[in-house]
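A.B. asks: pasting a predicted model and its sequence here:
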Amino acid sequence: MKILAFESSCDETAAAVVEDGRKILSDAIASQAEMHALYGGVVPEIASRKHVEVIAALTERALAEAGCTKDDIDAVAVTYAPGLIGAVLVGLSFAKSLAYAWGVPLIPVHHVRGHIAANYLAFPDLEPPFLALAISGGNTLIADVRDYTDIRVLGATRDDAAGECFDKAARVLGLPYPGGKPMDELAQQSQGGVYPLPHARVTGAELDMSFSGLKTAVVNLAHHAQQVGEPLDRAALARDFTEAVSAELVPRAIRALELTGYHKLAAAGGVAANTIIRAQLQAACDARGCRLYLPPLSLCGDNGAMIGAQGYYEFLAGHTAGMELNAYATRSLDAPAP
């Protein structure tokens, strides 16, 4: 089964063709990062307009690279939530029009489910049940993947997502947007241990997380140093910040493995590309005798292939939609299929 899949929830426009949920035939991505870097972050209106400008040509490219025509496509999958509402609507509207014109099923896919499914593309042997740690710019959560479409949230951030905090920290350290890679590179230049940073605990919810205090602490440290004329060890602060984020994520992921009894952990999302977090997840899983699935960097960020992968399993579960399908800025990972 060949699925044409679309992702447009933030600042990447993506179209891909995926076969049987496991094989990437093409994965075309148009990034807007350079444009949004001028503003230090994503400007929603600009993101939506750029999606409109490139999505048709990107679709033609994805089909051509896959060696397919519209007659080879069995279904169309698309991110319907969560994300910047205008951006999501562009991809959703385009996907609906193709599904209607071509007479094929329309498959709605939750963005975070797509991130988790990126692991199916990288690891043919990975099958549920397993634990997923989804860490990106808009979402940070721990999920029990009981089956391909039966996914339950065990813990999540109560405020900011880890990726958002990386971008904000990078900005106050004078690094370009998006901040994940520059922060990673800067952190590698120091062993840290210079700046004490807060660690949050959520009473009564041991797997829940909070990053707002950490983000505020980094901003305040940088601003204070600037105001009083003190030198700021940018590399040390980047390292200490990254270690603090990892300290929120890794122990909770391991605790969730203990609670579920699982021995498989799959990381997902853009923050899963961070060198330090990947290494500490690997060390923690090795110590517990668990298998860690870390997708390649090309599948950590937003892409269409991950939507096609999850779309295949949503289709098998009977989760298709009509032309009334709407877009959502927020929607829980374990919400019923629309």
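C.D. replies: Here it is on my side, so go on. Values in this document were obtained by computation on a predicted structure and should not be read as measured data.
A.B. asks: who does residue 142 form a beta bridge with?
C.D. replies: Counting by DSSP bridges, residue 142 forms beta bridges with residue 133, residue 155.
A.B. asks: show me what contacts it?
C.D. replies: Going by CB atoms under 8 Å, 6 or more residues apart in numbering, residue 142 touches 131-134, 153-156, 207, 252-253, 256. Glycine gets a C-beta too; all of them are placed from N, C-alpha and C.
A.B. asks: what number of residues lie near residue 68?
C.D. replies: Close neighbours of residue 68, defined as other CB atoms under 10 Å, add up to 17.
A.B. asks: for the nearest residue to it once chain neighbours are set aside, phi and psi?
C.D. replies: Nearest non-adjacent residue to residue 68, counting by CB to CB, 6 or more residues apart in numbering: residue 17, 5.7 Å away. Per-residue torsions, residue 17: phi -120, psi 120 (degrees, to the nearest 10).
A.B. asks: and residue 17, how far from residue 159?
C.D. replies: 37 Å (CB to CB, to the nearest Å).
A.B. asks: among those two, which residue is more densely surrounded?
C.D. replies: More crowded of residue 17 and residue 159, by other CB under 10 Å: residue 17, with 27 against 14.
A.B. asks: doesn't residue 6 make contact with that one?
C.D. replies: No. Between residue 17 and residue 6 there is no contact, the gap being 11.0 Å when judged by CB atoms under 8 Å.
A.B. asks: list the residues that contact the residue nearest to residue 167 when sequence neighbours are not counted.
C.D. replies: Nearest non-adjacent residue to residue 167, counting by CB to CB, 6+ apart: residue 179, 4.3 Å away. When contacts are counted by CB under 8 Å, 6+ apart, residue 179 touches 166-171.
A.B. asks: any idea of the pLDDT on the residue nearest the centre of the chain?
C.D. replies: Centroid-nearest residue in the chain, with CA atoms, centre = their mean: residue 269, separated by 3.0 Å. Per-residue pLDDT puts residue 269 at 95.
A.B. asks: which residue is the nearest non-sequential neighbour of it?
C.D. replies: Nearest non-adjacent residue to residue 269 (CB to CB, 6+ apart): residue 136, at 3.3 Å.
A.B. asks: repeat for residue 197
C.D. replies: Leaving out its chain neighbours, residue 197 is closest to residue 244 (CB to CB, 6+ apart), at 4.4 Å.
A.B. asks: can you check residue 70 too?
C.D. replies: residue 102 (5.4 Å).
A.B. asks: list the contacts of the one you found.
C.D. replies: Counted by CB under 8 Å, 6+ apart, residue 102 has contacts 70, 73, 76.
A.B. asks: how near is it to residue 69?
C.D. replies: From residue 102 over to residue 69 (counting by CB to CB), the distance is 10 Å.
A.B. asks: and for residue 240?
C.D. replies: Counting by CB to CB, the gap from residue 240 to residue 69 is 53 Å.
A.B. asks: who has more neighbours, those two?
C.D. replies: residue 240 (23 against 9).
A.B. asks: I figured residue 210 hits residue 155, correct?
C.D. replies: No. In this structure residue 210 lies outside contact range of residue 155 using CB under 8 Å: 11.1 Å.
A.B. asks: those strands in the chain, which residues are they?
C.D. replies: Secondary structure of the chain by DSSP state E: the strands cover 2-7, 12-19, 23-31, 75-81, 106-110, 130-135, 140-145, 151-156, 264-268, 291-293.
A.B. asks: tell me which of the ones you listed lies nearest to residue 64.
C.D. replies: strand 23-31 (7.8 Å; CB to CB).
A.B. asks: for that closest one, buried residues please.
C.D. replies: 24-30 (16 or more other CB atoms under 10 Å).
A.B. asks: pLDDT and distance to residue 330 for these - can I get that in JSON lines?
C.D. replies: Below are these laid out as JSON lines (pLDDT from 0 to 100; distance: CB to CB, whole Å):
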{"residue": "24", "pLDDT": "98", "distance to residue 330": "29"}
{"residue": "25", "pLDDT": "98", "distance to residue 330": "32"}
{"residue": "26", "pLDDT": "98", "distance to residue 330": "30"}
{"residue": "27", "pLDDT": "98", "distance to residue 330": "27"}
{"residue": "28", "pLDDT": "98", "distance to residue 330": "28"}
{"residue": "29", "pLDDT": "97", "distance to residue 330": "24"}
{"residue": "30", "pLDDT": "96", "distance to residue 330": "25"}
